[in-house]
Structures are given as C-alpha cells and as structure tokens.
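Engineer: Prediction below, plus the sequence it came from.
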Amino acid sequence: MTISIDPQKTNNESLQPKGWLRYFSFSLDHKVIGIQYLVCGFLFYLIGGTLASAIRIELASPMSDFMPRDVYNQVLTLHGTIMIFLWIVPVVNGAFGNYLIPFYVGARDMAFPRLNAVAFWLIPPSGLMLVASYFIDGAAQAGWTAYPPLSITTPQSGQIIWILSVLLLGGSSIFGGINFIATIIKLRRPGLKLMQLPMYCWAMLGTSLLVVLSTPVLAGTLILLSFDIIANTGFFNPVLGGNVVVYQHLFWFYSHPAVYIMVLPAFGLVSEILPVHARKPLFGYTTMVFSIMGIVVLGLVVWAHHMFTSGTPPWMRLFFTIATAFIAVPTGIKFFNWVATLWGGKISINSAMLFSCGFIINFVFGGITGVALAQVPFDIHVHDTYFVVAHFHYIVYGGTVFIIFSSIYHWFPKVTGKMLNEKLGILHFIITFIGFNLCFAPQHWLGLNGMPRRVAEYDPQFQFVNQISSLGALLMAISTIPFLINVFLSVRDGKDAGDNPWNALTPEWLTSSPPPVENWEGEAPLVEEPYGYGKEISEQK
Amino acid sequence: MTTLDSSKEIQKNNSELKETHEDFRMFGLITFLIADGMTFAGFFAAYLTYKAVNPLPDGAIYELELPIPTLNTILLLVSSATFHKAGKALLKDKNSDSQRWLFFTAFLGIIFLICQLFEYFHLPFGLTDNLFASTFYALTGFHGLHVTLGTLMILIIAWQSRTNGGRITSKNMFPLEAVELYWHFVDGIWVILFIILYLL
C-alpha cells in the first residue's frame, strides 16, 4: 500500500504562522521542530547551569552556609534531572536529529510529523512542572537516580512531580525514537543505500533503538515507585518486604543506555564535523558503523557496573566488569578513526573544529576513568565519591556539550544563513575548555581522597581544591556570555554565509541556507559519497 | 532565495513535489509495541526476581484460583480470532459482517474486564497486603488498562466501519489492522502473564 503526499495538505503551510511566530506554533516542519528543541533545551541549560553555579558556591566553603542542606539536595536533584532530561537528551537527539536526519535520508520531513510535534510539545510543560515543584512544596531531594528508600522517605509532593515529569519526558523520547527509526529505515530516498548514509544517521538509529528498548523499563519502574509513595505498596520498601536492589537493576537498565543515548549522537555529529573542517574523508566508515551497533548491543548488558556496592554477587560483578571493559573496544575504534580523519588533513582552526578537538581530548580522558571505574576493586574504593562526578561530567559535558556547541557553530550558517563571529567563538572555546578542566579535573583527586558526592558539607582539608573547582565553574558560567552575545549579534547582522560556507558534501548543504520548507526545490539529491573530500572536483560530480 | 516564508514559491512547485511513498505507519506501530512490550518485560523481570529472592512472610496468602483466569485466557484467544474474522470480512467488502464481528470482539473484551474485576473483589488479599499482592495487582492492572484502551478502540473502529458514512472500508484498512495488531499484542502479553503469574 502506498500513500500519496500532497505537501499543501500535509504541511498546511498557509495555516501556519509566518516568521518567528512559527516557533511558538504546533508546526509540523522538522526544521522548525529542531530549532524548538534546541532553543527550549538551551533555556533549560541556563536554568541547570544556574543551579550548578549554586552548587559550586555552596561547595566553596566546607560548611553549608550558602543554602540549607535540604535545599542543597533539591538543587542537585533539579540540576541533574534538568541537564539530562531537558538539555542533553532533547538537544543532541531531538534538535539535531530533527533538523538533519530528513536531509540525510533525502526526505522532505520526518516519517510522522504530527507525532514529532507532539514529542516536542511534551517537553516545555513537563520541564516547567519540574522547576515549579521547587516553589510548591520543595522539589525532589533524592538525586536524579531517585533511589528508594530515600525517594520514599523524602517529602512526597516534589518526588511525585519529579516522577510525572520524567514519565512525560520519557514518553517524548520514545515518540522521537520511533520517528527516527521509521525515518531512517523507511523514508530513505530511492537509490540511497544504508551504507551510504552519513554517520549521524547510524548514530541516531543506534540511539533510537536504545531509547525504544530501555526507556519503557524506566517508565514502568517509576510507576511502581509512585505506587510505593502514594499507595503505600512495598515494591522497593524493605520495611514492607520489598527489595531496593530490584529498583536499582530496573533503573540502571534504562540509565546506563541513557549514557549512550546522550553520547552516541555526539559521536555521530563529530563524525560529520571533522571531515568537513579537515577536508578528508571520514576514516573507517564501516568500522564506525559496526562500532556504533556494537556499543548499542553491549550498552544494554553493562548496567550493573553502577551497583558493585549494592551487594552484587561475585558472578555478576565478573560478568559486568568484563562486558564494560569490552565497550572500550568499539569506543577506542571510533576514537582512533577520528584521529586518523584529522591525520594529514587540511585542518582549519575554527570554533567548530576547536570544540570537536576539545571533545576528543575530554572524551578520551572520561573514557579512561570509565574503564578504571568498571574494575570492581577500584570502583568499591571510589563509589559515590567525586571521582564518579568528575568521570561523568567529562563524558556528558566535556563530551556531549562540547559537541553541541561545535554543532551550533557548524550548522548555524545552515539554519540562519549568517555566519557566527569566529573571534567570539574562539574566545568561547578557550574559556569553556579552561573552565571545564579547572572545574572537573581536581574532582578526580577529591574523589580518590574520599570526598563523597551529593553532600553539602565536607572535610575542611578539601577546601582549597574545591575552591579551584568552583573557580573553574565560574569560568564556565562566564563562557556562556560570549556565546550568547555572538548568537544575538550574528542573527541580527552576521556576515552572509551563502549556501555552503564550508564547502561540505553532506546533503543538507546542497540546498539554500536557510532551506526551503520542502528542503529541496525539486528532487532530493542522491549523495553516494557524503565524505568524498580530497578528490578532483570532476570526480565528485 | 527560497526561505521558509516564500510560500508562493512552494505553491508553484507543488505539482512537482507530489510524491508517493510506502505506508510505514504499521512499522511505527510495531516499534511502539516493542517499546510497550519492554515495559511489561520490566514488570515480569521484577516479579520473577521478587519470587526468587524475597520470601513472603509466614501466613501470606498467594494461592490463586484458576477458573476465572483460565476463562479469561479463552475469552481473549477467541476475541483475537473474531477480530481476525472482522478483518477478513472487511477485505471482502462485507462491512456489516465486519462490524458485527468487531462488536462481538469488544463484547468479549468487556466480559474479560468484568471477570477481572470479579476476581479482584473476591481475592483474599488487597493491594498493600504483601509484595506478591502488590505485584499481582500492578501486573494485571497494567494489562487491564491495555484491554480497556483496546476495547474502546475496537468500539471506535466498529462505529467507523458502519456501511453508510464510515471511514473504514476495504480501501482504508489501516485503522482496523492497527487495532488488530494491538489486540493480538495485548492477547500475547496476557498469555505470558497467565503462565508466569498463575501457573508458575
């Protein structure tokens, strides 16, 4: 059975608001939805960043003098939840996925445009609900992991709002995942083979598989947790005969893949950016594809490495240590492929390239501490200390957020038709890179020396190192200013970009900037070699 | 030159842009059902783990009577068959036959729900009595929610496939096929649930 699409009917552009107003409408255009995701995510990033600053101000002194301890718990819970569920996951999947995937597969929109709009519009209300819970009766206090019995014994209203909010965001994520799988598998332009797709498509396919397989388990778990809180059941309450470790298993069955949901799309994006700015084909395309799929499969069977101190039996420790160590193999392959892509390339030092190189450096460091954490003897020593905090910030901030900024510098000309200012961009990179490493590198030392995470007060001997870390956080906060100035100035009167300022070969650059509603006038181009750099121009055609 | 605002340009190109593509709504639905199935998988895994590692306190009642759930299993299996009949009838353009089969399927779904409620009211334990009771109600309740939604959707498509003015015909089978797949899925989940919860 086939469906005929009449663009006039499906998109109904005549009824959509024009100009900037369309970003506040239930638009079905994948490009509009992508920008909605990005801007909405960035606003929540500013909120989450403010909370992070509050945490670092509190930790600049050993006593809890900046805010009461229960407020500190609320702030760290909100910080974690906002950054993960409202900034990184929606932006690195939803924003760039929606904007780029239809271009990459040669389609005019996503497979299910209406579902796509629904997926986006679930995010602002649930995010606002989460933030508002702070002002009602205090936000959740149990951290983003919401481990029982802590989450059962802390004040209920904040925890319940937290659960509702995360359930809605999980639903949004699942709808997005279904849409991406259908778009990549089913909506490819005739003649375009799977192995000719740009790498970001493979990354999003892998990510969406993880979303579809693991997010529902989190949803089910949170429903059970809410029963424990509201209806006084005992699923996870030891007093009533329940089992807290079951919660941890179910939670990490989602939340370990969630790490890959946050970082795999970044792998895809960096694989798009490096070849363009190094003027070289992506090294090892096939190995990249198999590494992504290897990470997807392994990513589903490593969750218990978060639980080595939860009374895990020895066979489980052994299995999950080995499985986790195996993940280093595909990840290492990808790392060497990126380095080999840069090797001997004609590298242009611009903001997008700098942030991508920053990603490679930070990510390999976070990866090494990750392999270290997978080893049981080491993990038992540093479990729940600042070493873990440092490790995952190296992955999610030093990795993914660096790539989000890199991608903004790379695709800004496509979206707006204007260039971003390079000087401000490089300033942004330098402050972010120094601030980030100053903030999180010392935390490894703090963790190794036994400073626990998620506690408002600490031993005075750690004060000096904590102040260095807080200084880094201050720099990170400041680094947002040149970026915001840059975006506002460039949107108003940036240099005209032309259609393809980077001379890139991937399909999104083969149309006007900004692109027309239907992505291409006439037929979508067939791009068989998205990374065919360094060849004669006649060969490329 | 073309931007998002140049609607004139697009209108001009409309005739060229008209395309056809394969219907992948079913593909999307299957992906969703896999996700939904994972929720049940999580519940089943939790239940089996509890059964293995969390012994119930002495005197806890967890013996279940089999007649009602067995009847319910038969009801759901028969309803899957009657739904299939409805699809076959619609394919042969026998719309009123199809509608009759659909109403019969919805009727079986409602009987299932009534039996389920009857069982709930006659069980010797309540939601918060012990871990087994909580898990039992969570699992059957979550499945019952699926049956309720399914029954409502069957009633809607039965109304939609009426002979005069109905949207669902042999040329527009998708709504019926989608709900049918969902119904078979809910049915399959019940069989697993019945084995794990009542027979094991």
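Structural biologist: That came in fine, so what should we check first?
Engineer: residue contacts, residue B:109?
Structural biologist: The contact partners of residue B:109, by C-beta atoms under 8 Å, 6 or more residues apart in numbering or on different chains, come to B:79, B:147, B:150, B:151, B:154. From N, CA and C alone the C-beta is placed, and that goes for glycine too.
Engineer: Helix or strand: which one has the nearest residue to the fourth one once chain neighbours are set aside?
Structural biologist: This means residue B:151. In space, and not counting its chain neighbours, residue B:151 is closest to residue B:109: 3.8 Å by C-beta to C-beta, 6 or more residues apart in numbering or on different chains. Per DSSP states H and E, residue B:109 falls inside helix B:95-122.
Engineer: Show me what the helix or strand just after that helix packs onto, helices and strands only.
Structural biologist: Using DSSP H and E, the helix or strand that follows helix B:95-122 towards the C-terminus is helix B:131-160. In terms of contacts (3 or more C-beta pairs under 8 Å, 6 or more residues apart in numbering or on different chains; DSSP states H and E), helix B:131-160 is packed against helix A:199-230, helix B:25-53, helix B:95-122, helix B:174-193.
Engineer: Columns mean pLDDT on top of these, output as CSV?
Structural biologist: Output for the helices and strands packed on helix B:131-160, formatted as CSV (pLDDT from 0 to 100):
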stretch, mean pLDDT
helix A:199-230, 96
helix B:25-53, 94
helix B:95-122, 94
helix B:174-193, 95
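Engineer: Most tightly packed of these?
Structural biologist: helix A:199-230 (a mean of 24; mean count of other C-beta atoms under 10 Å in any protein chain shown).
Engineer: Could you check it against chain B for contacts?
Structural biologist: Yes: contact between helix A:199-230 and chain B, assessed by C-beta under 8 Å from any C-beta of the partner chain, occurs at A:212, A:213, A:214, A:215, A:216, A:217, A:219, A:220, A:221, A:223, A:224, A:227.
Engineer: in the next helix or strand after that helix, what counts as buried?
Structural biologist: As assigned by DSSP H and E, the chain's next helix or strand after helix A:199-230 is helix A:244-278. Residues A:244-278 are the ones in helix A:244-278 that count as buried (16 or more other C-beta atoms under 10 Å in any protein chain shown).
Engineer: Near chain B, list only the ones from these.
Structural biologist: Within those, those near chain B by C-beta under 8 Å from any C-beta are A:246, A:249, A:250, A:253.
Engineer: so what pLDDT did the last one get?
Structural biologist: The pLDDT attached to residue A:253 in the predicted structure is 95.
Engineer: cool, and the one 5 residues further on?
Structural biologist: Among the per-residue scores, residue A:258 shows a pLDDT of 94.
Engineer: between the helix holding residue B:109 and helix B:174-193, how many degrees?
Structural biologist: 30 degrees (axes from the mean of the first three to the mean of the last three C-alpha atoms, to 10 degrees).
Engineer: what angle sits between helix B:95-122 and helix B:131-160?
Structural biologist: Going by the same axes, to 10 degrees, helix B:95-122 makes 160 degrees with helix B:131-160.
Engineer: from the chain's centre, how far out does helix B:95-122 sit?
Structural biologist: Here helix B:95-122 is found 13 Å from its chain centre; the criterion is C-alpha atoms, centre = their mean, to the nearest Å.
Engineer: Next: stretch A:510-521.
Structural biologist: On the basis of C-alpha atoms, centre = their mean, stretch A:510-521 sits 27 Å off its chain's mean C-alpha point.
Engineer: swap in stretch A:433-452?
Structural biologist: That offset, for stretch A:433-452, works out to 22 Å (C-alpha atoms, centre = their mean).
Engineer: residues from the stretch 251-400 of chain A in reach of chain B?
Structural biologist: Counting by C-beta under 8 Å from any C-beta, the stretch 251-400 of chain A sits next to chain B at residue A:253.
Engineer: how does it look with 10 Å?
Structural biologist: For the stretch 251-400 of chain A, the contact set with chain B under C-beta under 10 Å from any C-beta of the partner chain comprises A:253, A:254.
Engineer: quick one: secondary structure of residue A:501?
Structural biologist: With DSSP: H, G, I helix; E, B strand; the rest coil as the basis, residue A:501 sits in coil.
Engineer: I'd assumed residue A:413 was in contact with it.
Structural biologist: Yes: between residue A:501 and residue A:413 there is a contact at 4.9 Å, judged by C-beta atoms under 10 Å.
Engineer: Identify the contacts common to those two.
Structural biologist: Residues touching both residue A:501 and residue A:413 by C-beta atoms under 10 Å, 6 or more residues apart in numbering or on different chains: A:419, A:495, A:509, A:513.
Engineer: Just confirm the last one is within a strand.
Structural biologist: It refers to residue A:513. No: the assignment for residue A:513 (three-state DSSP) gives coil, which keeps it out of a strand.
Engineer: Which pLDDT value goes with the spatially closest residue to it that is not a sequence neighbour?
Structural biologist: In space, and not counting its chain neighbours, residue A:513 is closest to residue A:417: 4.6 Å by C-beta to C-beta, 6+ apart. We have a pLDDT of 92 for residue A:417.
Engineer: State whether residue A:417 and residue A:497 are indeed in contact, as I suppose.
Structural biologist: Yes: assessed by C-beta under 10 Å, residue A:417 is found in contact with residue A:497 at 5.5 Å.
Engineer: any shared contact partners between these two?
Structural biologist: The contact sets of residue A:417 and residue A:497 overlap at A:513, A:514 (C-beta under 10 Å, 6+ apart).
Engineer: Export the shared contacts of residue A:501 and residue A:413 as JSON lines, with columns for distance to residue B:116 and neighbour count.
Structural biologist: Listed next are the shared contacts of residue A:501 and residue A:413 as JSON lines, based on distance: C-beta to C-beta, whole Å; neighbours: other C-beta atoms under 10 Å in any protein chain shown:
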{"residue": "A:419", "distance to residue B:116": "63", "neighbour count": "17"}
{"residue": "A:495", "distance to residue B:116": "67", "neighbour count": "13"}
{"residue": "A:509", "distance to residue B:116": "57", "neighbour count": "20"}
{"residue": "A:513", "distance to residue B:116": "58", "neighbour count": "21"}
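Engineer: Lowest-confidence entry in these?
Structural biologist: Among the shared contacts of residue A:501 and residue A:413, residue A:513 has the weakest pLDDT, 86.
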